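Participant: Sharing a model prediction with you, sequence too.
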Amino acid sequence: MGGITVHREGMMNVRELAEVLGLEVLTGETNMDRPVRSGYTSDLLSDVIANIGDDAVWITIQRHVNILGVAKLKDVSAIIIPRKLDLEGSFLEKAKQEGIAVLRGTSSAFELSALVYERLKRG
Amino acid sequence: MVDSLAYTPQITLEFEIGEKDFFVAGECASRVKKTLQQLGLKQDVIKRIAIIIYEAAMNVAIHATSGRLVVHVEPDAITIRTEDVGAGIEDIDLAMKEGYSTASYEIREMGFGAGMGLSNIKQCSDDLNIESRVGVGTTLNARVFFSDERRHEGA
């Protein structure tokens, strides 16, 4: 579960995904070596709870601390915030505490989803 | 991975849930998930249990003024119970319908209250019982069996 650091060849981790997609890393070194195998885009927490996959990046515009409970429960690899939306310091502090990486992109959730999907498919 | 636990753990975990205490739902579910992982239960069973706990605790946080969650682990099953003091549910069948919600705009804006909670719980439970009195409160009992065979036999 949490804290997997084994990096198999050909599998992307959070750090590499952030690099290739030019995403801003807002939580320092937190969880950067976690593998990323899937992704899910949704702002409804019940939908995420029921349907997000394993080792997933979660793309959402929700930015309140309560979403971190969902992220932790589903053991997400990283949260990706679109459109350079503002984030509160308290959110990022809590994310670090809970061991969840938060990344941010300039593109929309739609575009980010396509980019992540394309990258993961390529392996 | 096991279908039933070799020994009889009889673990009971209890959590208090305050009004609008949204973070605690994730905490409860994460704590129980960790315990069940240590017991060596199958991943898919743990996933279902975590969804039930999260949604049930969330319902208490959103709709009640106070409540608690009690999780009881037996050798071959788990019982998840929430009891709350609050608004209650007027029409349980309607509340079970996916998409039906009485949550406020503020709560929906946060991504909660999409009307998926009870239907998610139902999907993940092997046995579900809800009792509610309007203006008094709601009690929910959900049961999940660890083995597929027990599951299909029903409660």
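Facilitator: Perfect, thanks for sending it. Residues are numbered from 1 along each chain as shown, chains lettered A, B, ... in the order given.

Participant: Which strand or helix spans residue 79?
Facilitator: You didn't say which chain, so I picked chain A. A:Ile79 is part of strand A:78-81 when elements are defined by DSSP states H and E.

Participant: wrong chain, I was asking about chain B
Facilitator: For B:Thr79, the host element (DSSP H and E) is strand B:77-86.

Participant: what mean pLDDT would you report for the strand holding A:Ile79?
Facilitator: Rounded to a whole number, the mean pLDDT of strand A:78-81 is 98.

Participant: least trustworthy helix or strand in chain A by mean pLDDT?
Facilitator: With mean pLDDT, DSSP states H and E as the measure, the helix or strand of chain A carrying the lowest mean pLDDT is helix A:66-73 (a mean of 93).

Participant: in the strand holding B:Thr79, what's buried?
Facilitator: Applying a neighbour-count criterion of 16 or more other CB atoms under 10 Å in any protein chain shown, one finds B:77-78, B:80-86 buried in strand B:77-86. To be clear about C-beta, it is placed using only N, CA and C from the backbone, and glycine gets the same treatment.

Participant: what separates A:Cys58 from chain B, distance-wise?
Facilitator: Actually, residue A:58 is Trp. It isn't Cys. With distances defined as CB to the nearest CB, to the nearest Å, the gap from A:Trp58 to chain B amounts to 11 Å.

Participant: Specify the next element, helix or strand, located C-terminal of the helix ranked longest in chain B.
Facilitator: Using DSSP state H, we find that the single longest helix of chain B is helix B:43-63. Using DSSP H and E, the helix or strand that follows helix B:43-63 towards the C-terminus is strand B:64-73.

Participant: Starting from that next one, tell me which strands it pairs with and how they run.
Facilitator: Within its sheet, and counting by DSSP bridges, strand B:64-73 is paired with strand B:11-18 (antiparallel), strand B:77-86 (antiparallel).

Participant: then the next helix or strand after the shortest one to CSV, C-alphas only?
Facilitator: If I follow you right, that is strand B:11-18. Downstream of strand B:11-18, the first helix or strand assigned by DSSP H and E is helix B:23-39. Provided in CSV are the C-alpha atoms of helix B:23-39 (Å, rounded to 0.1, in the frame of the first residue of the first chain):
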residue,chain,number,x,y,z
PHE,B,23,-12.9,15.0,7.3
VAL,B,24,-13.7,12.3,9.8
ALA,B,25,-15.5,10.1,7.3
GLY,B,26,-12.2,9.6,5.4
GLU,B,27,-10.4,9.0,8.7
CYS,B,28,-12.8,6.4,9.9
ALA,B,29,-12.7,4.5,6.6
SER,B,30,-8.9,4.7,6.4
ARG,B,31,-8.5,3.4,10.0
VAL,B,32,-10.8,0.5,9.4
LYS,B,33,-9.1,-0.2,6.0
LYS,B,34,-5.7,-0.4,7.7
THR,B,35,-7.0,-2.8,10.4
LEU,B,36,-8.6,-5.1,7.8
GLN,B,37,-5.4,-5.1,5.7
GLN,B,38,-3.5,-6.2,8.8
LEU,B,39,-6.0,-9.0,9.2
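
Participant: Residue numbers of chain B in contact with chain A?
Facilitator: If contact is defined as CB under 8 Å from any CB of the partner chain, the residues of chain B in contact with chain A are B:22-27, B:29-30, B:33, B:37, B:50-51, B:54-55, B:58, B:110-112, B:114, B:116-117, B:120, B:123.

Participant: Quick one: residues contacting the closest residue to B:Gly18 other than its chain neighbours.
Facilitator: Distances taken as CB to CB, 6 or more residues apart in numbering or on different chains put B:Ser66 closest to B:Gly18, at 6.4 Å, once the chain neighbours are dropped. Neighbour list for B:Ser66: B:16-19, B:84-86 [criterion: CB atoms under 8 Å, 6 or more residues apart in numbering or on different chains].

Participant: what pLDDT does B:Ser66 get?
Facilitator: What the model reports as pLDDT for B:Ser66 is 96.

Participant: B:Asp127: neighbour count?
Facilitator: Residues contacting B:Asp127 under the criterion other CB atoms under 10 Å in any protein chain shown number 14.

Participant: swap in B:Lys34?
Facilitator: Applying the criterion other CB under 10 Å, we find 13 residues in the vicinity of B:Lys34.
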